[in-house]
Each structure stands twice: as structure tokens, then as C-alpha cells.
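Enquirer: Next come a sequence and a model predicted from it.
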Amino acid sequence: AEAAAAEAAAAAQGIRDDVTSLVAWQAACPELRGLWDGKWESSGTWEGISFGVVDDRGNQRVMHIKLGAKGLTGDVPAALGGFNALTVLDLRDNHLTSVPAALEKLTALTTLVLAGNHLTDFPVELGGLTAL
């Protein structure tokens, strides 16, 4: 029973961590402030973000990020590396300049689309994402 309670607490912490990371990205990216401003509080949804159930308790995590052609600028945040249930990261056709090596932790990732950005480098560590 203790192990089950610890597992449930960890899963609930996971969604809180995901939301905290999304809020931090929103604070750092002016385009996301306009896209998401007040949306989470009023509707429980984020444009371009899909949550999915990850266990039999109904706990949810971010599964898809689809923010293509939203005019996003700056860096892809390293905090996205903590989205361990993420399977799709589609940031095509924006103005992003760098991708963090921390994305190497996204072992569930099956789709990564970064075409049409202004990337100055691509971390070699992402070559280890074998599910792509």
C-alpha cells in the first residue's frame, strides 16, 4: 500500500512539474503569453498541448506539444527534458534558435519536428533518442 501511495504521489507530482514548466516557458516567451494568457485557469487547456492518461489511476502528463508556426522565439527550454511521457514535439516554422541537450531525456519521443527554425546548433546527444 505504501508503494502504491508513493507511485500515485509521484504521478501527481509529474503533472504539476509539467504545468510548472509550461508556465515558466510562457513567462520566458512573449508569443506564448499571448497564446496561453489566462487559458489554463479558465478552461484547463493549453493551445497546442495535449495531455494523456499515463497510468490506471487516471494521472495525466503532457503527451504532445504541437506549436508549429506560432512565431515562437528564443530557446527551446531545457525543462521540456522532464516531460518523460512526451511522444510528439512539433515546433516547426518558428524563430527558435537553440535546442537543449536535456531533450535527450525524452525517451518516449517518437516525433521531433524542428524544421523551419533558426537553429544555430543541434545537440549530438539527441542522436540517442532511439524511438524517433
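Expert: That came through fine.

Enquirer: gap between Trp25 and Lys105?
Expert: Here the distance between Trp25 and Lys105 works out to 16 Å (CB to CB, to the nearest Å). In this view, the C-beta of every residue, glycine as well, is placed from N, C-alpha and C.

Enquirer: can you give me the helices in this structure?
Expert: For the chain, helices defined by DSSP state H occupy the ranges 2-28, 30-36, 39-43.

Enquirer: Worst mean pLDDT among those helices?
Expert: Looking at the helices of the chain, the lowest mean pLDDT belongs to helix 39-43 (a mean of 58).

Enquirer: What score does the residue most central in space within the chain have for pLDDT?
Expert: Geometric centre of the chain, nearest residue: Leu80, 4.6 Å, by CA atoms, centre = their mean. If you check Leu80, the pLDDT there is 95.

Enquirer: What of Gly116?
Expert: With respect to pLDDT, Gly116 scores 98.

Enquirer: List the contacts of it.
Expert: Residues counted as contacts of Gly116 (CB atoms under 8 Å, 6 or more residues apart in numbering) are 69, 92-94.

Enquirer: try 10 Å
Expert: By CB atoms under 10 Å, 6 or more residues apart in numbering, the contact set of Gly116 is 68-69, 91-96.

Enquirer: Grab the nearest non-local neighbour of Pro30.
Expert: Closest residue to Pro30 apart from its sequence neighbours, by CB to CB, 6 or more residues apart in numbering: Thr73 at 7.3 Å.

Enquirer: thought that neighbour was touching Leu67?
Expert: No: the pair Thr73 and Leu67 fails to qualify as a contact (CB atoms under 10 Å) at a distance of 12.0 Å.

Enquirer: Give me the more crowded residue out of the two.
Expert: Leu67 (23 against 16; other CB atoms under 10 Å).

Enquirer: how close does that one sit to Gly127?
Expert: Distance from Leu67 to Gly127, by CB to CB: 23 Å.

Enquirer: how many neighbours does Gly52 have?
Expert: Neighbours of Gly52 under the rule other CB under 10 Å: 12.

Enquirer: mind checking how far the nearest residue to it once chain neighbours are set aside is from Val88?
Expert: Leaving aside its sequence neighbours, Gly52 sits nearest to Met63 (CB to CB, 6+ apart; 3.7 Å). From Met63 across to Val88, the span is 7 Å (CB to CB).
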